[in-house]
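Participant: Fold the following and give me the result.
(one chain, ligands or ions: 1)
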Amino acid sequence: MINVIGLGYIGLPTALMLASHGVEVVGTDYNKELVDTLNAGKTTFKEDGLDELFAAAVKAGIRFTTEYQVTDMYIVSVPTPYDKKSKKVDASYVNAAVKDVLNVCPLNATIVIESTISPGTIDKYVRPEIQATGFTIGRDINLVHAPERIIPGNMVYELKHNNRTIGADNREIGEKVKDIYASFCEGEITVTDIKTAEMTKVVENTFRDINIAFANELAKICRSDNMDVYEIIRIANKHPRVNILTPGPGVGGHCISVDPWFLVGDYPGLANIILAARKINDSMPEFVLKRISEIMKENNITDYNRVGLYGLTYKENVDDVRESPTLQLLESMRDHLAPELKVYDPYVAKKITSNQILSFDEFIKDIDLVVIMVGHKQLKESLPLFKNKIIFDTRYTGLFDKAYYL
Ligand code: SAJ
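Facilitator: Numbering: from 1, shown residues only. Below you'll find the predicted structure:
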């Protein structure tokens, strides 16, 4: 039996996937409300295919509880936030979960850590925690790092089809864990050592952050000299070895806007491009704000009440608002003591910020300028309601005949 610890964005789909592929699984989370929701037959967030996967896992016998189980394999997928000041990974949730596992697990159990951690976290924090309890790693407890790679919005598909990395101290244990993941994962699974697996995961997200930063920097350069960045990117991308990403209002989410900071925090003075990229991406909400002012001026709009932000999530078609560019923009407006702008998001049904409007009709009716912060699918269906509005499309959705861009 496998005990999955932490039933959030990664732990839940992973537990469901294992269960629906014939592995006996118990999911554990310390949040009783979350466990109660799952036991009542409901999932806790929206994701394509998740409900179907949930139904299949329940049928296969998955159980959810707040209790840690006595078993020989644990998968820990708890959050790893970073300390905003030191920019270092905060391994306290991982450590707490490992400690709880050690209280119940039998000798020779395997603890797999899925949570994203910076290179060296297992050596620096997790090993000492285990050793302090008197266990010898490799004899009494086996340690493995199997970082997830799935993208919100396409999680269920990617869980099945992406390649994976498994880092282990010992090849035999690595192969054993590989076999478990291979129950559902059709991609290639590479077995390596723990530090390499930690570093690889962070490097993947840093690669994407740097590439998005390049596109964003180009948008700023082109804006300053009246060039069309989208046309330039489109043409440049016809080169066989060029593939520039799309500029946007910033980088949000729990991964790409966070993981590169681990490298900056741990390797100051060495992580230079990485730091510059982070700064560029973090500057984008301010850049959008500057563009909003320009567009307001150009159209003689003086009242911020006539401007609305469409989209609160960090990207399209997900309900996740963590580190979202819209929230960053609102925060920066607050810092400037500017008035709150109206905000609407079809994926965010609960009020999470003061000037959020919960109905699209209410939102759209009294504004002149709509700033598209996220290109949700719903935009397409509501296109007629955008008629006669001034549009600032920070996502370059291609849906509007006439719009302002970054
Ligand atoms: N974005 C742009 N322009 C682009 C692409 C993205 O502005 O051309 C923005 C998005 O709008 C969003 C942010 O960047 O705000 C990040 O979105 P994303 O879709 O690129 O990635 P995430 O954060 O949802 O998921 C990433 C993925 N990593 C990579 O693609 C390298 C995913 O595979 C990881 O599993 C995930 O991070 C994670 O959990 O680490």
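Participant: and N355, what does it touch?
Facilitator: Contact analysis of N355 by Cβ atoms under 8 Å, 6 or more residues apart in numbering lists 340-343. The way it works is simple: take the backbone N, C-alpha and C, and place the C-beta from them, glycine included.
Participant: gap between the nearest residue to it once chain neighbours are set aside and A57?
Facilitator: Of all residues not flanking N355 in the chain, E340 sits nearest, at 4.0 Å (Cβ to Cβ, 6 or more residues apart in numbering). E340 sits 42 Å away from A57, going by Cβ to Cβ, to the nearest Å.
Participant: Who has more neighbours out of those two?
Facilitator: For E340 versus A57, neighbours defined as other Cβ atoms under 10 Å are more numerous around A57 (25 against 14).
Participant: State the pLDDT value of the more buried one.
Facilitator: pLDDT for A57: 98.
Participant: hey, C-alpha coordinates of whichever helix or strand it is part of in PDB?
Facilitator: Per DSSP states H and E: A57 is located in helix 50-59. What follows is helix 50-59, C-alpha atoms only, in PDB (Å, rounded to 0.1, in the frame of the first residue of the first chain):
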ATOM      1  CA  LEU A  50      -9.900  15.100 -12.700                       C
ATOM      2  CA  ASP A  51     -13.500  14.200 -11.800                       C
ATOM      3  CA  GLU A  52     -13.400  11.200 -14.000                       C
ATOM      4  CA  LEU A  53     -10.100  10.100 -12.500                       C
ATOM      5  CA  PHE A  54     -11.500  10.600  -9.000                       C
ATOM      6  CA  ALA A  55     -14.500   8.400  -9.800                       C
ATOM      7  CA  ALA A  56     -12.200   5.700 -11.200                       C
ATOM      8  CA  ALA A  57      -9.900   5.900  -8.100                       C
ATOM      9  CA  VAL A  58     -12.900   5.700  -5.700                       C
ATOM     10  CA  LYS A  59     -14.200   2.700  -7.500                       C
END
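Participant: What does the residue nearest to N355 show for phi and psi?
Facilitator: Dihedral pair for E340: phi -70, psi 140, per degrees, to the nearest 10.
Participant: Return the distance of it relative to G252.
Facilitator: Distance from E340 to G252, by Cβ to Cβ: 19 Å.
Participant: For the stretch 51-200 of the chain, which segments count as helices?
Facilitator: All helices of the stretch 51-200 of the chain, identified by DSSP state H, counting those that start in this stretch, fall at 92-104, 121, 127-132, 155-161, 171-181, 194-224.
Participant: Domain map for the chain?
Facilitator: 2-192, 247-393 (automatic domain parsing).
Participant: Residues of the stretch 101-250 of the chain that sit close to the ligand?
Facilitator: Near the ligand, the residues belonging to the stretch 101-250 of the chain are 116, 148-152, 204-205, 208, 212, 245-246, 248 when assessed by Cβ under 6 Å from any ligand atom.
Participant: Mind doing that once more with 5 Å?
Facilitator: Contact residues, the stretch 101-250 of the chain versus the ligand (Cβ under 5 Å from any ligand atom): 149, 151-152, 204, 208, 212, 245-246, 248.
Participant: buried subset of those?
Facilitator: 149, 152, 204, 208, 212, 245, 248 (16 or more other Cβ atoms under 10 Å).
Participant: now those residues as TSV including pLDDT?
Facilitator: Listed next are these as TSV, based on pLDDT from 0 to 100:
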residue	pLDDT
R149	92
P152	90
E204	97
R208	98
I212	98
L245	98
G248	98
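Participant: and those as a markdown table, adding distance to S332?
Facilitator: Formatted as a markdown table, those follow (distance: Cβ to Cβ, whole Å):
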| residue | distance to S332 |
| --- | --- |
| R149 | 31 |
| P152 | 24 |
| E204 | 29 |
| R208 | 23 |
| I212 | 19 |
| L245 | 23 |
| G248 | 16 |
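Participant: Next, give me the two most distant ones among the residues you listed.
Facilitator: Greatest spatial distance in these: R149 and G248, 21.6 Å, computed using Cβ to Cβ.
Participant: got any ranges where the stretch 201-350 of the chain has weak pLDDT?
Facilitator: Applying pLDDT under 70 to the stretch 201-350 of the chain picks out no residues at all.
Participant: For the ligand, give me its nearest residue in the stretch 1-150 of the chain.
Facilitator: Residue nearest to the ligand within the stretch 1-150 of the chain: R149 (4.6 Å; Cβ to the nearest ligand atom).
Participant: Hmm, that residue is touching E204, no?
Facilitator: Yes: using Cβ atoms under 8 Å, R149 is in contact with E204, at 7.2 Å.
Participant: What sits closest to the closest residue to the ligand within the stretch 51-200 of the chain if chain neighbours are left out?
Facilitator: Going by Cβ to the nearest ligand atom, the ligand is nearest to I151 of the stretch 51-200 of the chain, at 4.1 Å. Counting by Cβ to Cβ, 6+ apart, I151 lies nearest to E158, which is 5.6 Å off, once chain neighbours are set aside.
Participant: What is the burial count for the one you found?
Facilitator: Counted with other Cβ under 10 Å, E158 comes out at 17.
Participant: Show the contacting residues for it.
Facilitator: Contacts of E158 (Cβ under 8 Å, 6+ apart): 149-151.
Participant: Ok, K220 next?
Facilitator: Applying Cβ under 8 Å, 6+ apart, the residues near K220 are F287.
Participant: ok, which stretches of the stretch 251-400 of the chain are strands?
Facilitator: Counting by DSSP state E, counting those that start in this stretch, the stretch 251-400 of the chain has these strands, from start to end: 307-310, 342-344, 369-372, 390-393.
Participant: Out of those strands, which gets nearest to the ligand?
Facilitator: strand 369-372 (12.0 Å).
Participant: buried stuff in the closest one?
Facilitator: For strand 369-372, the neighbour count (16+ other Cβ under 10 Å) marks 369-372 as buried.
Participant: Give me the contact status of that strand with the ligand.
Facilitator: No: using Cβ under 5 Å from any ligand atom, strand 369-372 stays clear of the ligand, coming no nearer than 12.0 Å.
Participant: And for that strand, what's in contact with it?
Facilitator: 288, 292, 295-296, 299, 301, 306-311, 341, 364, 379, 386, 389-395, 397, 403.
Participant: from these, which would you call buried?
Facilitator: 288, 292, 295-296, 301, 306-311, 341, 364, 379, 386, 390-395, 397, 403.
Participant: This completes my enquiry, with thanks.
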